[in-house]
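Engineer: build me a structure from this.
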Amino acid sequence: MKRPFSFFYAFTFLLFICANFVEIIEYMYRKLLIILSLLLPFFETEAQNFEDEAIYHDYVDEHLCYTILDNTNKEVEISGTTLKIEQQIKNDYTLFRLSIPNSVSIRGVVYKVTTVANNAFRGCSNLESVAFEPGVTYIGKSAFENCSRLNHLFLPEGVAYIGDKAFSGCSQLSEVHLPNSMGFVGKYAFSNCGLLKKFYIPYKVNELDASVFEGCSSLEEIMVDENNPNMLSVDGVLYNKVQTTLICCPEGRTSALIIPRSVTFVSWPFAECRLVCISCSSDVPPIVTSLATPQAKVSLFVPKRSVSAYQQDAFWSRFTIRPF
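Structural biologist: Here you go, the predicted structure:
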């Protein structure tokens, strides 16, 4: 038996939905705006003026985005550029020259610029030069990664930290001279900088991973401050201070490499080096801490009495071994 009012109930429910449809859409739209405002604060010229000063603020000035790190000490980081965001669909970033100021005024309060954030200018492919005013101490991970036209870089005194991959893929950089204030350089920080020929390491850098120079096919010389307590350079090759570890042989080196008898460890096994020959004076094959495969065409000269030891070594046996 049919229910007499089933059609009436369905019609009433439909009217209810239609009457509230606009309100439902408006509610969803407001929620969407809230979510977008949280995810994309850099699209606004200035973030909301929160009453609670403990909450960090975002601020945009002349296409540079700032994030407050410390309200007590009035410190901010540069977190990126709006030009990168505006042009990301076209993949044509219009930032050519970048000047990092030492301070910025946010709502009448002067903040010190101390940090370049992780990924801040990553992929800004038209960026050609970066100038830092004194004040920045920290450059984050991948901050300038793949800025493929960056050819001029001056890091002033005060910069103490460079994060992993900070300048990786900056293929137009030809020379890097770190300031004496530098204390830490992260892994792969200057990797794949194909035109980099010279690299200077100041005395405060206590250790350096060989991956910093991976893919630097033109690198010919690594220089170290003579006062560095942990590293030294011999003929452009990087060793630890007591020359028991060969840290890195520049990939662009073409002349013969003479490994001292004192070397017992090799961190970077010449996988991409242009060397034609290596001479190793040690009777015991140095331990190689990397698994990279060397170029078999390279001749390895070792003491005649040690030929067998090198031939039996998993790494050194891959070279063309010759006695001397």
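Engineer: low-scoring stretches of this structure, by residue?
Structural biologist: For the chain, the stretches flagged by pLDDT under 70 are 1-58, 62, 83-94, 269-272, 291-296.
Engineer: hey, where'd the helices end up in it?
Structural biologist: 6-39, 82-87, 307-311 (DSSP state H).
Engineer: the shortest one packs against which elements?
Structural biologist: Counting by 3 or more CB pairs under 8 Å, 6 or more residues apart in numbering; DSSP states H and E, the packing neighbours recorded for helix 307-311 are strand 320-323. Every residue, glycine included, has its C-beta placed from N, CA and C.
Engineer: hmm, 10 Å instead?
Structural biologist: Counting contacts by 3 or more CB pairs under 10 Å, 6 or more residues apart in numbering; DSSP states H and E, helix 307-311 packs against strand 299-302, strand 320-323.
Engineer: deepest-packed of those, please.
Structural biologist: strand 299-302 (a mean of 20; mean count of other CB atoms under 10 Å).
Engineer: check which helices and strands that one sits against.
Structural biologist: Counting contacts by 3+ CB pairs under 10 Å, 6+ apart, strand 299-302 is packed against strand 257-259, strand 277-280, helix 307-311, strand 320-323.
Engineer: could I get the ones you listed as JSON lines with distance to residue 244?
Structural biologist: Converted to JSON lines, these look like this (distance: least, CB to CB, whole Å):
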{"stretch": "strand 257-259", "distance to residue 244": "11"}
{"stretch": "strand 277-280", "distance to residue 244": "14"}
{"stretch": "helix 307-311", "distance to residue 244": "18"}
{"stretch": "strand 320-323", "distance to residue 244": "23"}
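Engineer: gap between residue 251 and residue 220?
Structural biologist: Remark: distance between residue 251 and residue 220 (CB to CB, to the nearest Å) = 9 Å.
Engineer: correction: the previous question concerned residue 241.
Structural biologist: 22 Å.
Engineer: repeat for residue 236
Structural biologist: 6 Å.
Engineer: overlap in contacts of these two?
Structural biologist: Contact criterion CB atoms under 10 Å, 6 or more residues apart in numbering; residues shared by residue 236 and residue 220: 198, 199, 250, 252, 253, 255.
Engineer: start to end distance for stretch 219-235?
Structural biologist: End-to-end distance for stretch 219-235: 13 Å, by CA to CA, to the nearest Å.
Engineer: buried ones in it?
Structural biologist: 219, 220, 221, 222, 224, 225, 228, 231, 232, 233 (16 or more other CB atoms under 10 Å).
Engineer: farthest pair in those?
Structural biologist: 220 and 228 (19.8 Å; CB to CB).
Engineer: can you give me the strands in the stretch 151-300 of the chain?
Structural biologist: With DSSP state E, counting those that start in this stretch as the criterion, the stretch 151-300 of the chain has strands at 152-154, 161-162, 175-177, 184-185, 198-201, 221-224, 231-234, 237-240, 245-248, 257-259, 265-266, 277-280, 287-288, 299-302.
Engineer: residue 73 is nearest to which of those?
Structural biologist: Closest approach to residue 73 among the strands of the stretch 151-300 of the chain is made by strand 161-162 (17.1 Å; CB to CB).
Engineer: packing partners of that closest one?
Structural biologist: Strand 161-162 packs on strand 138-139, strand 184-185, going by 3+ CB pairs under 10 Å, 6+ apart.
Engineer: what lines up beside it in the sheet?
Structural biologist: Sheet pairing of strand 161-162 (DSSP bridges) gives strand 138-139 (parallel), strand 184-185 (parallel).
Engineer: from the chain's centroid, how far away is the first one?
Structural biologist: What separates the centre of strand 138-139 from the centre of its chain is 10 Å, taken as CA atoms, centre = their mean, to the nearest Å.
Engineer: what of the last one?
Structural biologist: Going by CA atoms, centre = their mean, the spacing between the C-alpha centre of strand 184-185 and its chain's C-alpha centre is 11 Å.
Engineer: same check, this time on stretch 218-234
Structural biologist: Using CA atoms, centre = their mean, the offset of stretch 218-234 from its chain centre is 21 Å.
Engineer: ok, now stretch 256-274?
Structural biologist: The answer for stretch 256-274 is 26 Å, by CA atoms, centre = their mean.
Engineer: could you report the neighbour count for the nearest residue to residue 133 once chain neighbours are set aside?
Structural biologist: In space, residue 133 comes closest to residue 102 once its chain neighbours are excluded; the distance is 4.0 Å by CB to CB, 6 or more residues apart in numbering. Per other CB atoms under 10 Å, the neighbour tally for residue 102 reads 14.
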